[in-house]
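Undergrad: Structural data only, the sequence is not supplied:
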């Protein structure tokens, strides 16, 4: 119990002191996960909208696959990305393994099904008659899509939060494709695992507190955007 | 409404900006802030060096001391990947690492015989210890032979936690059971954690169980455990670390010069002196004993 208190105190000390190593690790966590979320958002909203608005053979199967992907184990994603990025592997020439870019790739794979799945669900809850109505008012296809996305912005922001939440907190993939290299690929979650196995439990908890503060700040920003748009 | 859309787009831009910064800042982040940068280090043609090593070298803090010095001296940028010895050697076998720092002599010999590595050099040793609750329900304290102690644990059917992860520690433990001619498979008192040494020690402490650990990790974690050293100093318990350069013929991507530079660095007199003194300030005793230039026979393990 005293370890948890110690951890919280230590988190404050690290934050007040502006510990450079901690700041770097936290900044990399944020950069990697926000980057991956942004990529997932663009790809996921596009593909989710396409799937949500169309009918085709095997659509249900595809949606089931995407929904299953929402629960894909990060450590398996990490292992597969590692094997693909090995320098003697198929994508080895890119030289991405043990860099932040490899971590972004793995995190996109983890968060993309979440964003896509949420997008499909939110597009489908829009009244289908709206689409006909918009089109009959002479809107172009692009205008129609834009209106649809505006109509679903609340659930889409929830998709962003879910996707971001899944990857900022994951450790299995980041550890494997990043390698937890100090100054290069160490992020908060991999640092927490390492400090725990070093027996520095209070420091591990301190890093955990800092991680939660970061997640809170990002989610608060997103929630403000979400709720403000609702009020209008 | 429009505002909301704009802030949404703004957020997207912000996110991509952050990503961009992450990308741009990559070269500068290659040198850790903590490492001093007085004289400019030399610039090797291929600076990236992958070191596959065991968790014990990372968890004890030794790598955090040695790697920055090596980088400063040679200009290489080390990517230390701390995994179990099993995984480290598998990476070497596939040519996915340039140099290994490992501690499983029997597997290492096989690794060398199969042509996966070159220039295997003795770096240092410490030792394994059998630890357990101070009440010592199996009565192994003062047993001088590790195998005899394990026989007592098996006879008393007291809980024993194994790493179960094919690490160097795990390989030694399995060798000991074999020496004691005890089949641990399926025994209810024998449990595998499947995790690293630190986590396994935590489990053993919670369950008041016996386990085998390297002394360095035990000393680093001792204050949280409440487990005592019960058996030590049996020659079979020596924990010997070698540095192995991965055979550059395995792949043209292997950084052979970097691997050689790291191996030479590990056995150099200056590094050996750092190893000799490492941990004394914190634990009152050294965690590793430098052995460059010696043979395993001189250590008395074979």
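TA: Happy to help now that I have it. What you see is a predicted model, and the numbers here were worked out from it, not measured in a lab.

Undergrad: Give the rounded mean pLDDT of the longest helix that chain A contains.
TA: Using DSSP state H, we find that the single longest helix of chain A is helix A:20-53. For helix A:20-53, mean pLDDT is 95.

Undergrad: What is the subsequent helix or strand relative to that helix?
TA: helix A:59-69 (DSSP states H and E).

Undergrad: Compute the first-to-last residue distance for stretch B:159-172.
TA: 18 Å (CA to CA, to the nearest Å).

Undergrad: Buried residues of that stretch, list them for me.
TA: Across stretch B:159-172, burial judged by 16 or more other CB atoms under 10 Å in any protein chain shown covers B:159-172. For the C-beta atoms, the positions are set from N, CA and C on the backbone; glycine is no exception.

Undergrad: any chance of the residues you listed in CSV, plus distance to chain A?
TA: Shown next, in CSV, are the buried residues of stretch B:159-172 (distance: CB to the nearest CB, whole Å):
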residue, distance to chain A
B:159, 21
B:160, 20
B:161, 15
B:162, 17
B:163, 12
B:164, 16
B:165, 13
B:166, 16
B:167, 12
B:168, 15
B:169, 13
B:170, 15
B:171, 19
B:172, 19
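
Undergrad: Looking at the residues you listed, spot the one nearest residue B:148.
TA: Taking CB to CB as the measure, residue B:148 lies nearest residue B:160 of the buried residues of stretch B:159-172, at 14.6 Å.

Undergrad: contacting residues around the residue of the stretch 201-302 of chain B found nearest chain A?
TA: Per CB to the nearest CB, residue B:221 is where the stretch 201-302 of chain B lies closest to chain A, at 3.8 Å. Residue B:221 makes contacts with A:198-199, B:198, B:201-202, as judged by CB atoms under 8 Å, 6 or more residues apart in numbering or on different chains.

Undergrad: Now it: which helix or strand?
TA: helix B:215-225.

Undergrad: Setting aside sequence neighbours, what's the nearest residue to residue B:228?
TA: Spatial nearest neighbour of residue B:228, excluding adjacent residues (CB to CB, 6 or more residues apart in numbering or on different chains): residue B:134 at 4.7 Å.

Undergrad: Next one: residue B:62 relative to chain A, how far apart?
TA: 12 Å (CB to the nearest CB, to the nearest Å).

Undergrad: Tell me how many other residues surround the closest residue in space to that residue that isn't next to it in sequence.
TA: Excluding its sequence neighbours, the residue lying closest to residue B:62 (CB to CB, 6+ apart) is residue B:278, at 5.8 Å. Number of residues near residue B:278 (other CB atoms under 10 Å in any protein chain shown) recorded here: 21.

Undergrad: in terms of contact, does residue B:278 touch residue B:57 like I think?
TA: No: contact between residue B:278 and residue B:57 fails when scored by CB atoms under 8 Å: they sit 10.6 Å apart.

Undergrad: Let me know the pLDDT of residue 109.
TA: If you meant another chain, say so; for now it's chain A. For residue A:109, pLDDT reads 97.

Undergrad: Let me rephrase: I mean chain B.
TA: Listed pLDDT for residue B:109 reads 95.

Undergrad: what do you get for residue A:164?
TA: With respect to pLDDT, residue A:164 scores 96.

Undergrad: quick one: it from chain B, how far?
TA: Counting by CB to the nearest CB - residue A:164 and chain B are separated by 9 Å.

Undergrad: name the element the residue nearest in space to the middle of chain A belongs to?
TA: Central residue of chain A (CA atoms, centre = their mean): residue A:164, 3.0 Å from the mean position. Following DSSP H and E, the helix or strand that holds residue A:164 is helix A:153-168.

Undergrad: how distant is that helix from the center of its chain?
TA: Distance of helix A:153-168 from its chain centroid, counting by CA atoms, centre = their mean, to the nearest Å, is 7 Å.

Undergrad: Can you list the buried residues in it?
TA: Applying 16+ other CB under 10 Å to helix A:153-168 flags A:153, A:155-168 as buried.

Undergrad: Report the angle between it and helix A:20-53.
TA: Going by axes from the mean of the first three to the mean of the last three CA atoms, to 10 degrees, helix A:153-168 is angled at 130 degrees with respect to helix A:20-53.

Undergrad: Give the rounded mean pLDDT of the helix or strand following helix A:153-168.
TA: The helix or strand immediately downstream of helix A:153-168 is helix A:172-178, counting by DSSP H and E. Taken as a whole, helix A:172-178 has an average pLDDT of 95.

Undergrad: Residues contacting helix A:172-178, please?
TA: By CB under 8 Å, 6+ apart, helix A:172-178 touches A:32, A:73-79, A:81-82, A:85, A:97-100, A:102-103, A:105-107, A:110, A:180, A:184-187, A:189-190, A:193.

Undergrad: Buried ones in that helix, by neighbour count?
TA: Buried, per 16+ other CB under 10 Å, within helix A:172-178: A:172-178.

Undergrad: that older thread, would you confirm that the residue nearest to the centre of chain A contacts residue A:38?
TA: No: with contact defined as CB under 8 Å, residue A:164 does not count as touching residue A:38 (9.6 Å).

Undergrad: list the residues that contact both of those two?
TA: Joint contacts of residue A:164 and residue A:38 (CB under 8 Å, 6+ apart) do not exist.

Undergrad: Let me know the secondary structure of residue B:137.
TA: Here residue B:137 is recorded as coil under DSSP: H, G, I helix; E, B strand; the rest coil.

Undergrad: List the contacts of the residue nearest to it when sequence neighbours are not counted.
TA: Counting by CB to CB, 6+ apart, the nearest residue to residue B:137 once its immediate chain neighbours are dropped is residue B:158, at 4.9 Å. Listed by CB under 8 Å, 6+ apart, the contact partners of residue B:158 are B:132, B:137-138, B:189, B:209-210.

Undergrad: Mind picking the two most distant members of these?
TA: B:132 and B:189 (12.4 Å).

Undergrad: okay, these two: which has more neighbours?
TA: More neighbours surround residue B:132 than the other of residue B:132 and residue B:189, with 26 against 15 (other CB under 10 Å).
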